[in-house]
Structure formats: structure tokens, C-alpha cells
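# Predicted model and sequence below, questions to follow.
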Amino acid sequence: MSAQALSEELVAIATAHDIDKVGVCSAEVFTDVRAALHERKAAGLSADMQFTYRNPDRATDPRRSLSDAETIVVCARSYRRSAPETPPTPTGTAAIAEYVWEPHYGELRTGLDAIAQHLREAGWSSRVLMDDNALVDRAAAYRAGIGWWGKNSNILVPGIGSKFVLGSVVTNAPLDVVDEPLEDQCGPCRRCIDACPTDAIVADGVIDSNRCLAWLVQSAGVFPHEFRVALGNRIYGCDDCQTSCPPNLLSDRRDAPDRTTGITTAAVRDLLTLDDTALLAKFGAWYIPRREPKYLRRNALIVLANTADPASSEVRQLIERYVRSNDEIEKAHAVWAADRLGYDDLVAGCRADGSEIVQAELSKIGGKP
Ligand code: SF4
């Protein structure tokens with residue numbers, strides 16, 4: 001079978017699995033991206049993020065995943081959806097990033113597996129790489145001509161935007177390779193840079209992870225003070241650099257997305273009252289630092305402080321519960337939340353606490369004994 005005929009069969013399989021865009025590129029090393037990852041890592045812009053920063057040489061060399069790889073089939077599945085109205089509650093609701101409203105990665109994997117299986121049946125080797133440290137999938141999407149690199153570092157598909165999950169099949173099959181990256185189409189636009197609530201886009205296409213809310217909610221330890229107010233009501237992810245982006249806005253205006261059937265918000269009350277098992281059962285598909293639910297509660301305490309009505313007795317009870325927590329991360333963020341909500345007596349009640357983290361918190365908010 002010719003490379004073109006096999007490629008056409010793979011595109012047909014992808015289309016049958018609701019994959020919106022397919023591209024094929026060569027499996028050569030992504031030299032420019034490798035250099036950029038090393039440079040950004042050395043400059044501290046990756047913070048404690050792992051993913052493709054863990055091993056840039058591996059993540060930019062498809063042959064580390066399949067030794068005789070020749071080509072990469074790159075697939076993009078749209079997650080554009082609209083959210084239903086959420087009725088207000090006294091303790092508030094927390095926002096969830098659009099890409100996790102529905103299990104898009106699971107659906108994409110089904111399509112990638114079908115492509116990989118078809119290649120194997122045709123006598124070739126193949127390996128699926130999706131949401132994986134082993135490949136910078138955006139670099140493959142760019143090389144395959146699926147989209148251009150936006151200033152927000154996402155891949156933008158012409159006429160559609162950036163709301164896609166990406167995945168790849170690495171194979172030794174000789175396919176109809178594109179390798180024709182698209183021209184930049186951002187032009188003079190800089191809306192994502194201006195819209196970022198923490199100024200995390202520090203140069204065109206360069207994100208400082210130390211400032212990126214989407215990373216900070218997934219990072220362990222104390223949530224940086226200077227970004228807590230900016231977190232607003234976000235419990236997972238941050239969509240601002242995408243929802244401000246004209247190609248996404250135009251796409252939604254031209255072709256209104258379907259209403260989602262997934263979960264678009266989380267009740268702050270749930271996040272602060274469910275036990276560990278129940279929290280992981282409900283939100284365990286997310287990246288949670290070390291799989292420790294206390295980090296969901298840490299983020300929820302910040303959301304509560306940013307959004308709740310201090311006059312609500314339920315809000316006060318939740319804060320009271322956490323200033324008595326045995327976990328110092330939970331307690332420290334409850335102290336900050338108590339201060340922000342004006343519960344000075346609860347802050348004062350923590351002054352004798354023996355935890356260094358709690359004392360550091362008191363010191364920062366001016367509640368030092
Ligand atoms: Fe490019 Fe503008 Fe979108 Fe940013 S907001 S990615 S600059 S088009």
C-alpha cells in the first residue's frame with residue numbers, strides 16, 4: 001500500500017472517532033523546541049513543573065519512544081463546549097477549566113488506539129503518546145501543519161482556535177508527511193498577554209510557570225501569596241489566555257458550541273466537606289499534587305476567601321473547621337482566608353500555633369504575635 005493510501009485510511013479512522021484535525025510529520029528531533037525547553041528550564045521558568053520539562057531530550061526525540069520511528073500522526077480533538085447556568089450558593093462555586101468538563105482525553109485515546117492498531121495490522125510498529133512526558137505534542141502539531149504557535153504558547157488551528165486536546169501515534173510506517181508549519185497568524189494581537197491575570201506570558205509564546213495559575217493549582221506546597229487573589233474562583237485550570245483569544249471568540253460566534261454534558265463547576269462546600277476518598281472519587285481525574293486531597297482543599301480555601309459572603313454562618317463554620325486542621329497547609333490557607341474575610345478572632349486564635357508554615361502565614365498577613 002502506498003504512503004498516501006495508508007495515510008488516507010488513518011485520516012478516515014481519525015474522522016470516524018470525532019478527531020477534528022489530523023496531520024502527519026517526520027519523527028526527526030524537535031531541535032528548536034529542545035533548545036527552548038533547556039533554556040527556559042535553566043532560566044527557572046518551568047518552576048517545579050515536570051511533564052516535558054522533566055527530560056527535554058527525551059520529550060523532543062520521538063525515537064526514544066519508538067527506536068525506528070519515521071513518522072508521527074498528530075490528532076487534535078476539539079473540546080469547545082458551552083456551559084449551563086450555575087445557580088448561586090452561599091459558599092460559592094468554583095470554576096473548572098473547559099478541557100476537563102468532559103473526558104476528552106479518553107475519547108481521543110480511543111481514536112489514537114484505533115490508528116495504532118490499524119498500523120500494526122498493516123505490519124508496522126506504532127506507539128500512542130498522549131498527555132505524556134515523552135513528547136511535546138504541540139511541537140509535532142506545529143510541524144505537521146495543524147496550527148501555528150500562539151503567543152499564549154498554544155497551537156491555534158486556522159478558523160477554529162486553540163481548544164483542542166492533542167495526541168500522537170509514533171510509527172515506523174512511511175506516511176504522507178506534511179512538515180509544512182503554518183505562518184504565524186497572531187500578528188500584532190496581544191490579547192492573551194494582556195488578559196493573563198498574573199502576567200505569566202513573559203514573552204511571545206513563553207510562559208513563566210511560577211506565575212501561571214493553571215500550574216500553581218497543580219503544584220504542591222504553599223500557594224504563592226501574590227497570586228491568591230488573582231486565582232479568583234478557579235479550582236482547576238485557567239482559561240483566560242484562550243477565552244480572550246480572537247480566533248476562539250470568532251469560532252464560538254460563527255458556530256456556537258454544543259452545551260456540555262460534563263461538570264463545569266465544583267461546589268466549594270463539597271470541596272471543603274467531603275473526605276479524602278470522596279474527593280478523589282469526584283475529582284481524581286485531575287492532576288492533584290502527590291494525589292493529596294489537601295491541595296484541593298488549599299485551593300478551595302482560597303476560592304472561598306475570594307468569593308464567599310463573610311456574613312454567612314456556613315462560610316465562617318468552614319473557616320473555623322480549617323483553622324483547627326491538623327494539616328499545616330490547610331491551616332495556613334485557612335488563616336489567610338480568615339484574614340481576608342475579616343474573621344480576626346479566628347486569626348488571633350492561631351497565634352500560638354507551633355507550625356512554621358502557619359507562623360509564616362501570620363507574619364505575612366500582619367497577624368504576628
Ligand atoms: Fe495570538 Fe492574540 Fe490568540 Fe494571543 S490572543 S494567541 S496573540 S491570536
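Received, thanks.

# How far does the top helix by length along the chain sit from its chain's centre?
For the chain, the helix that runs over the most residues, judged by DSSP state H, is helix 104-121. Its chain's average C-alpha position is 22 Å from that of helix 104-121, according to CA atoms, centre = their mean, to the nearest Å.

# so where do the strands sit in the stretch 151-300 of the chain?
Listed from the start of the chain, the stretch 151-300 of the chain has strands (DSSP state E, counting those that start in this stretch) covering 155-156, 164-171, 201-203, 206-207, 234-236, 265-267.

# so can I have CSV of those strands showing mean pLDDT, distance to the ligand and mean neighbour count?
Quick note: C-beta positions are derived from backbone N, CA and C, even for glycine. Below are the strands of the stretch 151-300 of the chain laid out as CSV (pLDDT from 0 to 100; distance: least, CB to the nearest ligand atom, whole Å; neighbours: other CB atoms under 10 Å):
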stretch, mean pLDDT, distance to the ligand, mean neighbour count
strand 155-156, 97, 6, 26
strand 164-171, 97, 13, 26
strand 201-203, 96, 8, 17
strand 206-207, 94, 12, 18
strand 234-236, 97, 19, 22
strand 265-267, 94, 25, 19
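
# about what we covered before: following element in sequence after the longest helix of the chain, please.
strand 126-130 (DSSP states H and E).

# Can you check what angle separates that following strand from strand 164-171?
Strand 126-130 and strand 164-171 meet at an angle of 160 degrees, taking axes from the mean of the first three to the mean of the last three CA atoms, to 10 degrees as the criterion.

# Show me what strand 126-130 is packed against.
helix 104-121, strand 164-171 (3 or more CB pairs under 8 Å, 6 or more residues apart in numbering; DSSP states H and E).

# model confidence over that strand, on average?
Averaging pLDDT along strand 126-130 gives 97.

# likewise stretch 140-148?
97.

# That stretch: how far from the chain's middle?
20 Å.

# same for the host helix or strand of residue 336, what does it pack against?
Using DSSP H and E, residue 336 sits within helix 328-341. Contacts defined by 3+ CB pairs under 8 Å, 6+ apart place helix 328-341 against helix 294-307, helix 313-323, helix 344-348, helix 356-365.

# Flag every buried residue along the second one.
Judged by neighbour count using 16 or more other CB atoms under 10 Å, the buried positions of helix 313-323 are 315-316, 318-319, 322-323.

# and that helix, what other elements does it pack with?
Using 3+ CB pairs under 8 Å, 6+ apart, helix 313-323 sits against helix 268-273, helix 294-307, helix 328-341, helix 344-348.

# just to revisit the earlier point, can I get the helices and strands packed on strand 126-130 in JSON lines including distance to residue 19?
Putting the helices and strands packed on strand 126-130 into JSON lines (distance: least, CB to CB, whole Å) gives the following:
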{"stretch": "helix 104-121", "distance to residue 19": "5"}
{"stretch": "strand 164-171", "distance to residue 19": "9"}
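
# between the ones you listed, which one is nearest to residue 351?
Closest of the helices and strands packed on strand 126-130 to residue 351 is helix 104-121, at 45.8 Å (criterion: CB to CB).

# Between strand 164-171 and the closest one, find me the angle.
Using the same axes, to 10 degrees: helix 104-121 against strand 164-171 is 20 degrees.

# Against which helices or strands is helix 104-121 packed?
helix 3-16, strand 71-78, strand 126-130, strand 164-171.

# orientation of that helix relative to strand 71-78 in degrees?
Using the same axes, to 10 degrees: helix 104-121 against strand 71-78 is 150 degrees.

# What average pLDDT does helix 104-121 get?
Averaged across helix 104-121, pLDDT comes to 97.

# buried set for that helix?
Buried residues in helix 104-121 (16+ other CB under 10 Å): 104-105, 107-109, 111-116, 118-119.

# and the residues you listed as a markdown table, adding distance to the ligand?
Below are the buried residues of helix 104-121 laid out as a markdown table (distance: CB to the nearest ligand atom, whole Å):
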| residue | distance to the ligand |
| --- | --- |
| 104 | 20 |
| 105 | 22 |
| 107 | 25 |
| 108 | 22 |
| 109 | 27 |
| 111 | 26 |
| 112 | 26 |
| 113 | 31 |
| 114 | 31 |
| 115 | 29 |
| 116 | 31 |
| 118 | 34 |
| 119 | 33 |
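
# Adding distance to residue 9 as columns, could you present these in CSV?
Formatted as CSV, these follow (distance: CB to CB, whole Å):
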residue, distance to residue 9
104, 24
105, 24
107, 20
108, 19
109, 19
111, 14
112, 15
113, 15
114, 11
115, 9
116, 13
118, 7
119, 9
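
# And the contacts of stretch 197-209?
40, 45-47, 49, 149-153, 186, 192-193, 211-213, 215, 227, 230, 232, 238, 240-241 (CB atoms under 8 Å, 6 or more residues apart in numbering).

# Spell out for me the PyMOL command that would select the buried members of the residues you listed.
Buried residues among the contacts of stretch 197-209 (16+ other CB under 10 Å), as a PyMOL selection:
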select buried, resi 40+45+46+49+149+150+151+152+153+186+192+193+211+212+213+215+227+230+232+238+240+241
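
# Alright, I will stop here.
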